[in-house]
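# Have a look at this prediction, sequence included:
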Amino acid sequence: MPTPQPDSISTIIGPSAGASAQDYNELFAALLELSWKGIAFPYTKLRTEFRQDLAIHKFADRDGAHIEGMGSAPLEITARVPLINGLDAGKNEHWTRPLYPTVRDNLLRACADKSSGPLQHPEFGVLNCKVQTMAWELEAQTRQGVWVDFKWLQTDDTADDQLQQALSQPSPLANMAAAANDLDSNLANVSPIVVPTPYVPPIGFSDLANQIRAVVDQTTQLQKSSAGRVDNMIYEANALRDSLNRLASALNWPMIQSCERAKESCYDLKASILKKGRPIGFYTTQKDATLAQIAAALGVNVMDTISLNPAYAMQPLVPKLSVVRYYTQPA
């Protein structure tokens, strides 16, 4: 009889290892079932690849190279899946029958959804993954179903969460610049019939916004100078709003709305970037509600909420999915 090699299975499960083949069979029988987004299925082969991203630095005067670790690549999991009707489930497996076409179709729908999902790995438990490929072939010699090959990549979706949070909290500088451009455009095209004597600021709103951005963008900004320029923008927007209020015309509404947007962005800028006053939070409404109802739900002062959202104060209801400002700290 040939001598077993050091890495052979007989060496691993032999008496010297202190465990029998039956012990290891029970170990594998205790593994978790493989499932993707809650859909369980059998597998004949499961490959898990761990890989590091490496940078190779070579030097002209020496052999070899210095290998620099650049971080771990995502886990790559591939599986060979028999969606063949008539298979028996293992101890910890709970499939839906029939495997073909029902489970195949359910898996295809789960893969068509672009979102990440939980992949229950038999050894490591639940991993957050995205599917890369799901492939199968119809074969004449296989009449009970299909063999499917999967590939998943482990994903970290915290960057998506940060992006969604950033999108739900728009930049006050960008809002201010957009509102200023709207105001200048509306003033340039205003009809004397609609607004006979509109208030015209000594400097354009876009120029005011650029002055604010120039000060804020400096590394060593002067808080007092920045706040003064922002207050000047608020003053000019209020002056234009007052002149429009004296003319009862529905055609003035776009300019009034731009004034309020400019003021709101200035308040946000003072609270967030200039660190002046109490910090402001942003809440996205889940249904139509009044400002009083929203303030009560957030546990904040209703008058403060009205002052931070002057555009909504003129409406009976704040529409669903609107962004409402509120003070995150009490006065």
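Received, thanks.

# all strands for the stretch 101-250 of the chain, in order.
Secondary structure of the stretch 101-250 of the chain, counting by DSSP state E, counting those that start in this stretch: strands at 117-121, 125-137, 145-154.

# Compare those strands and give me the one nearest Asn210.
Ranking the strands of the stretch 101-250 of the chain by proximity to Asn210 (CB to CB) places strand 125-137 first, at 42.6 Å. C-beta: built from backbone N, CA, C; applies to glycine.

# Check the average confidence over the closest one, would you?
Mean per-residue pLDDT for strand 125-137: 94.

# So for it, what gets flagged as buried?
Leu127, Cys129, Lys130, Val131, Met134, Trp136 (16 or more other CB atoms under 10 Å).

# wait, doesn't the first one sit right on His121?
The one in question is Leu127. Yes: counting by CB atoms under 8 Å, Leu127 touches His121, with 5.5 Å between them.

# returning to that earlier point: any chance of TSV for the strands of the stretch 101-250 of the chain, columns distance to Arg80?
Output for these, formatted as TSV (distance: least, CB to CB, whole Å):
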stretch	distance to Arg80
strand 117-121	15
strand 125-137	11
strand 145-154	6
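
# Out of these, the one nearest Ile56 is which?
strand 145-154 (23.6 Å).

# Report the angle between that closest one and strand 117-121.
Relative orientation of strand 145-154 and strand 117-121, computed by axes from the mean of the first three to the mean of the last three CA atoms, to 10 degrees: 110 degrees.

# Might you report the residue contacts of Leu75?
Under the criterion of CB atoms under 8 Å, 6 or more residues apart in numbering, the contact list for Leu75 reads Thr48, Glu49, Phe50, Leu127, Leu153, Gln154.

# Tell me how far Asn210 lies from Ala177.
8 Å (CB to CB, to the nearest Å).

# whoops, Pro192 was the one
From Pro192 to Ala177 the distance is 28 Å (CB to CB).

# Look at those two and report which has more neighbours.
Remark: of Pro192 and Ala177, Ala177 carries more neighbours, 19 against 8, as counted by other CB atoms under 10 Å.

# Setting the sequence-adjacent residues aside, check what's closest to that one.
Closest residue to Ala177 apart from its sequence neighbours, by CB to CB, 6 or more residues apart in numbering: Ala209 at 4.9 Å.

# where does that neighbour land on pLDDT?
pLDDT, Ala209: 75.

# What is the least confident helix or strand in the protein?
Lowest by mean pLDDT, DSSP states H and E among the helices and strands of the chain is helix 9-13, with a mean of 39.

# among the strands of the stretch 101-250 of the chain, which is nearest Pro254?
Across the strands of the stretch 101-250 of the chain, closest to Pro254 is strand 125-137 (CB to CB), at 43.6 Å.

# Off-centre distance for the closest one?
Taking the mean of its C-alpha atoms, strand 125-137 sits 21 Å from the chain's own mean (CA atoms, centre = their mean, to the nearest Å).

# ditto for stretch 288-308
27 Å.

# Give me the mean pLDDT for it.
On average, stretch 288-308 scores 87.

# ditto for stretch 322-331
81.

# and if you look at stretch 183-191?
Stretch 183-191 comes out at a mean pLDDT of 75.

# Could you do stretch 256-268 as well?
On average, stretch 256-268 scores 78.

# Run through who's touching that stretch.
172-173, 175-176, 178-180, 182-183, 186, 205, 230-231, 233-234, 237-238, 240-241, 244-245, 280, 308-311, 325.

# Check what pLDDT the closest residue to Ala289 other than its chain neighbours gets.
Counting by CB to CB, 6+ apart, Ala289 lies nearest to Val318, which is 5.8 Å off, once chain neighbours are set aside. Val318 carries a pLDDT score of 87 in this model.

# Next: Thr158.
Predicted confidence (pLDDT) for Thr158: 70.

# about what we covered before: list only those of the contacts of stretch 256-268 flagged as buried.
Judged by 16+ other CB under 10 Å, buried ones among those: 172-173, 175-176, 178-180, 182-183, 186, 205, 230, 233-234, 237, 240-241, 244, 280, 308-309, 325.

# ok, Val148 - how many residues close by?
For Val148, using other CB under 10 Å, the count is 22.

# bridging residues for it?
Note on Val148: beta-bridge partners by DSSP bridges are Val81, Trp136.
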